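[1] Sequence and predicted structure are below.
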Amino acid sequence: MPARHPLSILALAAPLALASPAAHSQNWVGLLKNTAAERFDEEDLQLFLEASRRALNEAPVNQPVAWSNPKTYAHGDITVLRTFEAKGLPCKEVRIRNEAGGRKGDGRLDLCKVGEKWKLVSKSQLKGK
């Protein structure tokens with residue numbers, strides 16, 4: 001079972017919460033260190049973000065939404081593992097797997113929908129600490 005490593009997978013999930021990923025992706029450069037996402041080019045990132053949006057907004061639970069870039073051979077998938085409610089917000093636990101430039105990433109995280117955006121939340125935030 002994949003481990004939850006908040007900082008390493010935050011780099012993969014943080015762009016999900018952003019309205020304009022291309023403009024905001026630079027804010028997460030430090031968090032991309034040593035992850036598959038560090039090796040994404042702009043097209044990889046856009047493909048990943050689109051698959052993430054489809055997974056979060058459209059895909060049924062346990063149905064992976066895959067993405068791949070034949071130019072760079074980067075690829076991955078996003079799977080909603082479960083839906084739940086926290087503090088009155090709709091939330092989803094997702095598994096994100098990516099491979100790019102010889103690096104692989106596999107992690108789980110929780111996201112809650114705030115307005116129109118999916119935001120990363122920690123276990124302590126879900127418990128109200």
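    Looks like it came in fine.
[2] show me where this structure has strands.
    Per DSSP state E, the chain carries strands over the ranges 65-68, 75-86, 89-100, 103-114, 117-121.
[3] Return the set of buried residues in the third one.
    I take that to be strand 89-100. 91, 92, 93, 94, 95, 96, 97, 98, 99, 100 (16 or more other C-beta atoms under 10 Å). To be clear about C-beta, it is placed using only N, CA and C from the backbone, and glycine gets the same treatment.
[4] among the strands of the chain, which is the most enclosed?
    strand 89-100 (a mean of 19; mean count of other C-beta atoms under 10 Å).
[5] give me the low-pLDDT residue ranges for this protein?
    Along the chain, segments meeting pLDDT under 70 span 1-33, 123-129.
[6] Show me the longest helix that occurs in the protein.
    Criterion DSSP state H: the longest helix present in the chain is helix 42-57.
[7] circling back to that earlier point, rebuild the buried residues of strand 89-100 as a markdown table, extending it with distance to residue 72.
    Output for the buried residues of strand 89-100, formatted as a markdown table (distance: C-beta to C-beta, whole Å):
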| residue | distance to residue 72 |
| --- | --- |
| 91 | 32 |
| 92 | 28 |
| 93 | 28 |
| 94 | 23 |
| 95 | 22 |
| 96 | 18 |
| 97 | 16 |
| 98 | 12 |
| 99 | 10 |
| 100 | 7 |
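[8] closest to residue 118 among those?
    Top of the list for closeness to residue 118, among these and by C-beta to C-beta, is residue 92 at 7.7 Å.
[9] The closest one touches residue 110, doesn't it?
    Yes. Residue 92 is in contact with residue 110 according to C-beta atoms under 8 Å; the separation is 7.3 Å.
[10] The closest residue to residue 104 other than its chain neighbours: neighbouring residues, count only.
    Residue nearest to residue 104 in three dimensions, not counting chain neighbours: residue 36, with 5.8 Å by C-beta to C-beta, 6 or more residues apart in numbering. Residues near residue 36, counting by other C-beta atoms under 10 Å, number 26.
[11] Next: residue 59.
    Residue 59 has 17 neighbouring residues, counting by other C-beta under 10 Å.
[12] how close does it get to residue 122?
    Distance of residue 59 to residue 122, computed by C-beta to C-beta, to the nearest Å: 24 Å.
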